[in-house]
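In: Everything below, folded, please.
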Amino acid sequence: EVADVRGSTPTDCARRLVPDKKNVLFTIQSIEKMVAKKSEDQIRLWSRAIDENLLHASHWLKDVHGKFEIKIAAVSEQMQFWFARLTDGVSSILRLFRSFDPKQVMARGFAIVRDASGRIQTGTKNLKTHESARIEMRDGTLETLIQSIKQTLL
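Out: So this is what the prediction gives:
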């Protein structure tokens with residue numbers, strides 16, 4: 001291209017080939033403004049995208065948190081129900097064990113009868129008259145001598 005440019009004088013050729021400083025500065029300022037505007041627009045666009053994603057993430061987290069709270073409440077309710085049933089079961093077992101405690105049985109009016117050798121006797125069959133026996137009651141023990149035995153038919 002340069003070869004095709006003709007000038008009437010060397011100064012005219014130089015003027016035609018070398019750009020004017022004012023024009024170059026104006027072009028640079030225009031490009032600088034355009035780059036700044038495009039950069040600002042892109043930053044705004046990215047900022048909006050980030051804000052939208054954060055908003056969606058926030059809504060999602062709130063939703064997950066709400067569902068999590070519901071699950072926690074349900075599990076807590078089930079645990080309380082299970083614990084109440086467990087407590088009732090343990091209480092029932094303790095009452096059953098206490099009902100087999102000889103002292104509890106004796107408190108209801110029963111006694112433990114032992115023969116002279118200390119063996120527990122549940123009936124009159126193995127006891128003999130004029131032998132000693134020990135009767136354990138809720139508030140103490142009686143040492144007794146069997147005077148007579150009257151058997152009943154069951």
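
In: for the longest helix seen in the chain, the distance to its chain's centre please.
Out: Scanning the chain for the helix with the most residues, using DSSP state H, yields helix 21-100. Here helix 21-100 is found 18 Å from its chain centre; the criterion is C-alpha atoms, centre = their mean, to the nearest Å.

In: What is the subsequent helix or strand relative to that helix?
Out: helix 102-107 (DSSP states H and E).

In: Contacts made by the next helix-or-strand element following that following helix with the rest, please.
Out: Using DSSP H and E, the helix or strand that follows helix 102-107 in sequence is strand 112-114. If you take C-beta atoms under 8 Å, 6 or more residues apart in numbering as the criterion, strand 112-114 is touched by 102, 106, 120-122, 127, 133-136. All C-beta atoms are positioned from the backbone trio N, CA, C, and that covers glycine.

In: counting contacts, what elements does the longest helix of the chain pack onto?
Out: Using 3 or more C-beta pairs under 8 Å, 6 or more residues apart in numbering; DSSP states H and E, no helix or strand is in contact with helix 21-100.

In: Could you tell me the average pLDDT over that helix, please?
Out: Taken as a whole, helix 21-100 carries a mean pLDDT of 94.

In: Tell me the buried residues within the contacts of strand 112-114.
Out: Using 16 or more other C-beta atoms under 10 Å as the burial test, those include 133-134, 136 as buried.

In: Let me know how buried residue 42 is, in neighbour terms.
Out: 10 (other C-beta atoms under 10 Å).

In: One more: residue 148?
Out: When neighbours are counted by other C-beta under 10 Å, residue 148 comes out with 6.

In: What separation is there between residue 118 and residue 133?
Out: 10 Å (C-beta to C-beta, to the nearest Å).

In: for residue 72, that is, sorry about that
Out: 65 Å.

In: same thing with residue 113?
Out: 6 Å.
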